[in-house]
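*Asks:* Following is a predicted model, sequence given first.
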Amino acid sequence: MPTPISQDAKKSLQDKIQQCDTLSHEEKSTLYGLLSERKRYGLVWEDKPEQAYEQLRTQIPVFTEVPERRIMGSSADAPNHILIEGDNLHALTAMQYTHAGKVDVIYIDPPYNTGNKDFSYNDTFVDKEDQWRHSKWLSFMEKRLKLAKTLLKETGVIFISIDDNEQAQLRLVCDELFNSGRSQNDPNYLATLIWNLGTGTSAGHFTRSHEYVLAYAKEKSLLENFSGGEGLIDDRAIKKVSIKNPASDFSFPAGTEVDSETDFELFDNWGDNETTILVSGRFIVKDKKLVEPITLRAGWTQKSQMKAFFDGQDVFDSKGQKVLRFYFRANGKIYCQKRRERLNPPTVLDDVGSTKTGTTRLAEIFGESTFAFPKSQRLIEFLIGLSSKSDSLILDFFAGSGTTLHATMALNAEDGGKRQCILVTNNENDICEKVTYERNKRVIQGYTNSKGEQVPGLTDNSLRYYKIDFAERIDSFKNRRDLVRKSLDLACIKEGCYKPCTELSQREFQVFESNEFLLFMVLDTDSIEEVVACIETQEKHCKVFVSSPGAYPFVEDFDAVKSRVDLVALPQAYYDALEAILPKTSLLSDGAES
């Protein structure tokens with residue numbers, strides 16, 4: 001690491017620069033500026049060019065629906081979920097127009113940059129020997145996180161899964177992005193959650209059995225504490241046998257719950273460190289319940305509560321927390337789950353599954369393993385549940401196997417919510433089509449699991465599939481007209497209005513209908529008179545997107561219906577939304593029409 005330069009040494013260098021006759025005035029000024037730069041605390045790396053970013057210098061991304069993959073929900077007000085196939089940098093760019101400031105919760109599981117072919121940069125896997133390994137990953141992540149932040153509501157939160165390879169660097173990047181302009185004593189950083197995987201990999205001197213989830217707020221002062229409503233806690237029901245905690249027998253009836261996805265018989269390894277002896281019966285599990293009664297000998301901590309619970313009584317502990325169930329985990333440990341009125345969740349996540357449970361769930365849906373190390377559905381349900389309301393919008397732009405959408409739909413089914421979810425993933429190795437889409441299609445429509453059992457679908461959900469397309473970025477009449485036609489799906493997504501109104505639509509203007517309003521896409525200004533006549537016959541308010549060579553949406557032409565319309569000039573509105581975030585190449589060329 002370079003030694004910091006002292007003030008005396010700096011003064012000496014400045015004098016030498018001044019006395020040097022071979023340097024121009026501009027060169028001397030540059031060197032003075034470099035010497036005068038103040039150090040700042042943070043992370044510095046060399047930005048590495050990325051093809052996806054460079055493409056944005058000449059092209060503008062749009063979304064195009066694949067209608068044959070559309071799945072419609074069983075009710076008219078079913079939440080409409082979106083799956084976008086393509087590079088997430090391009091998707092996040094287009095979403096600056098459709099979703100800026102609209103997202104409640106972002107969860108992402110980015111590549112961990114392990115050097116084992118999990119992270120590809122410019123279509124090449126980054127290995128451990130790449131000297132720019134960390135710089136490439138940081139360049140890749142920073143661009144996407146900047147865009148993601150603008151999509152969050154002011155009350156929004158982001159959760160990011162990561163492991164030791166990049167956790168420290170990611171924390172510094174996020175600190176800079178999310179805490180910008182704030183006092184160091186009041187950051188938008190919420191916590192680093194430790195996800196206990198319950199199992200681990202021996203590596204070096206320790207068995208690594210955890211990952212991290214970084215949590216940040218868009219504006220922490222506006223975010224409610226994660227303590228409202230009811231919460232669930234789990235207490236152990238046994239301790240090590242001792243003089244103060246002697247062993248005794250207790251019988252569990254058939255039907256006692258077992259927290260395992262697998263049917264099995266257990267004879268050994270009872271309770272791990274807590275001495276537990278099977279006195280009578282067999283520990284046989286089917287459909288997550290004991291098949292027959294068993295009697296165990298152990299050092300019980302809640303024996304009186306257990307007796308009252310299995311006798312059918314309502315049971316409350318000394319803190320007034322209601323006992324919901326006593327259950328076994330697969331290793332034989334017995335737990336008591338209680339409901340508590342207020343819950344500040346811990347930063348150590350112990351009971352939200354592991355990558356193994358994620359793999360098991362995926363294999364249950366497909367009948368085979370189709371994706372390496374998918375995230376636990378229970379983990380994502382927990383994170384979404386912390387900060388989402390029943391109508392929240394959830395985004396995952398590293399969608400992988402699509403667990404985040406599955407978790408969103410499961411939460412909706414549990415509490416009757418109408419949360420919506422947007423997934424973004426590329427189609428490398430057909431993952432978007434054959435895993436992400438296919439998984440959630442089966443979840444919505446129902447499927448036969450790996451045991452041959454029919455699992456009913458979560459049918460009150462709609463799913464639309466989009467691919468990223470492009471329009472030429474250089475401004476011209478032809479390119480503006482082309483962009484307007486290609487942005488039809490963007491307008492529908494932005495307004496949440498998808499139902500075609502075929503009886504009103506014409507060749508040069510398309511009409512879509514929602515419960516509250518009509519959406520008009522005017523593709524040719526020659527049809528404005530006809531559009532106005534159509535609007536006059538309708539009772540609903542109308543949102544009208546007008547193809548315009550500039551920023552003027554032909555207000556005067558809509559004078560007869562001005563109180564019933566909102567006018568937007570396309571593609572200028574789209575240009576304006578992207579102008580600040582696109583790489584340097586002027587959107588409007590010299591002499592462009594306006």
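*Replies:* That came through, no problem.

*Asks:* and the nearest residue to Phe517 once chain neighbours are set aside, what does it touch?
*Replies:* Leaving out its chain neighbours, the residue that sits closest to Phe517 by CB to CB, 6 or more residues apart in numbering is His541, at 4.6 Å. To be clear about C-beta, it is placed using only N, CA and C from the backbone, and glycine gets the same treatment. By CB atoms under 8 Å, 6 or more residues apart in numbering, the contact list for His541 reads Glu516, Phe517, Leu518, Arg564, Val565, Asp566.

*Asks:* Including distance to Ile284, secondary structure and pLDDT, could those go into JSON lines?
*Replies:* Shown next, in JSON lines, are those (distance: CB to CB, whole Å; DSSP: H, G, I helix; E, B strand; the rest coil; pLDDT from 0 to 100):
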{"residue": "Glu516", "distance to Ile284": "56", "secondary structure": "coil", "pLDDT": "93"}
{"residue": "Phe517", "distance to Ile284": "59", "secondary structure": "strand", "pLDDT": "96"}
{"residue": "Leu518", "distance to Ile284": "61", "secondary structure": "strand", "pLDDT": "96"}
{"residue": "Arg564", "distance to Ile284": "68", "secondary structure": "helix", "pLDDT": "93"}
{"residue": "Val565", "distance to Ile284": "68", "secondary structure": "strand", "pLDDT": "95"}
{"residue": "Asp566", "distance to Ile284": "64", "secondary structure": "strand", "pLDDT": "96"}
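
*Asks:* how about the residues you listed, which pair is most distant?
*Replies:* With distances taken as CB to CB, the most widely separated pair in the contacts of His541 is Glu516 and Val565, at 13.8 Å.

*Asks:* So if I had to pick from the two, which one is more boxed in?
*Replies:* Ranked by neighbour count (other CB atoms under 10 Å), Glu516 and Val565 place Val565 first, with 21 against 11.

*Asks:* dump the residue contacts of the more buried one.
*Replies:* By CB under 8 Å, 6+ apart, the contact set of Val565 is Ile535, His541, Cys542, Lys543, Val544, Phe558.

*Asks:* try 7 Å this time
*Replies:* Contact partners of Val565, counting by CB atoms under 7 Å, 6 or more residues apart in numbering, are Ile535, Cys542, Val544, Phe558.

*Asks:* ok, which pair from the residues you listed is furthest apart?
*Replies:* So, the contacts of Val565 by CB to CB: farthest apart are Cys542 and Phe558, at 9.3 Å.

*Asks:* what's in contact with the lengthiest strand in the chain?
*Replies:* The strand spanning the most residues in the chain, taking DSSP state E as the definition, is strand 189-203. The contact list for strand 189-203, computed with CB under 7 Å, 6+ apart, reads 175, 178-179, 207-217, 220, 347-350, 354-356, 379.

*Asks:* Can you tell me the element Ala91 falls in?
*Replies:* Here Ala91, judged by DSSP states H and E, is contained in helix 88-98.

*Asks:* so how far is that helix from its chain's centroid?
*Replies:* 14 Å (CA atoms, centre = their mean, to the nearest Å).

*Asks:* Next: stretch 131-143.
*Replies:* 20 Å.

*Asks:* So what's the residue count around Val213?
*Replies:* 23.

*Asks:* go on, the one 3 residues further on?
*Replies:* Neighbour count for Tyr216, taken as other CB under 10 Å: 25.

*Asks:* what sits against the closest residue to it other than its chain neighbours?
*Replies:* Using CB to CB, 6+ apart and skipping residues adjacent in sequence, the residue nearest Tyr216 is Phe178, 4.4 Å away. The contact partners of Phe178, taken as CB under 7 Å, 6+ apart, are Lys149, Asn188, Tyr189, Tyr216.

*Asks:* Quick check: the farthest pair among those residues?
*Replies:* Maximum distance among the contacts of Phe178 (CB to CB): 13.2 Å, for Lys149 and Tyr189.

*Asks:* Which residue is the nearest non-sequential neighbour of Phe520?
*Replies:* Val544 (4.4 Å).

*Asks:* residues touching that neighbour, list them.
*Replies:* Val544 neighbours (CB under 7 Å, 6+ apart): Phe520, Val522, Val565, Asp566, Leu567.

*Asks:* mind running it again at 8 Å?
*Replies:* Shown in contact with Val544 (CB under 8 Å, 6+ apart): Phe520, Val522, Val531, Ile535, Pro553, Phe558, Val565, Asp566, Leu567, Val568.

*Asks:* What is the three-state secondary structure of Ile243?
*Replies:* With DSSP: H, G, I helix; E, B strand; the rest coil as the basis, Ile243 sits in coil.

*Asks:* And it, how far from Gly299?
*Replies:* Separation of Ile243 from Gly299 (CB to CB, to the nearest Å) stands at 10 Å.

*Asks:* quick one: which of these two has more around it?
*Replies:* Gly299 (20 against 5).

*Asks:* top helix in the chain by residue count?
*Replies:* helix 133-151 (DSSP state H).

*Asks:* after that one comes which helix or strand?
*Replies:* Per DSSP H and E, helix 133-151 leads on to strand 152-162 as the next helix or strand towards the C-terminus.

*Asks:* if we look at that following strand, which residues are touching it?
*Replies:* Contact with strand 152-162 is made by 101-110, 112, 148-149, 170, 174, 178, 190, 193, 195, 211-219, 222-224, 375, 383, 386-387, as judged by CB under 8 Å, 6+ apart.

*Asks:* In PyMOL, select just the buried ones from the residues you listed.
*Replies:* Listed next is the PyMOL selection for buried residues among the contacts of strand 152-162, using 16 or more other CB atoms under 10 Å:
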select buried, resi 102+103+104+105+106+107+108+109+110+112+148+149+170+174+178+190+193+195+211+212+213+214+215+216+217+218+223+375+383+386+387
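
*Asks:* In strands, which of the contacts of strand 152-162 appear?
*Replies:* Going by DSSP E, the strands hold 103-108, 190, 193, 195, 211-217 from the contacts of strand 152-162.

*Asks:* want to throw the contacts of Val544 into JSON lines with secondary structure and distance to Thr256?
*Replies:* Shown next, in JSON lines, are those (DSSP: H, G, I helix; E, B strand; the rest coil; distance: CB to CB, whole Å):
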{"residue": "Phe520", "secondary structure": "strand", "distance to Thr256": "61"}
{"residue": "Val522", "secondary structure": "strand", "distance to Thr256": "65"}
{"residue": "Val531", "secondary structure": "helix", "distance to Thr256": "66"}
{"residue": "Ile535", "secondary structure": "helix", "distance to Thr256": "65"}
{"residue": "Pro553", "secondary structure": "coil", "distance to Thr256": "66"}
{"residue": "Phe558", "secondary structure": "helix", "distance to Thr256": "68"}
{"residue": "Val565", "secondary structure": "strand", "distance to Thr256": "63"}
{"residue": "Asp566", "secondary structure": "strand", "distance to Thr256": "59"}
{"residue": "Leu567", "secondary structure": "strand", "distance to Thr256": "64"}
{"residue": "Val568", "secondary structure": "strand", "distance to Thr256": "60"}
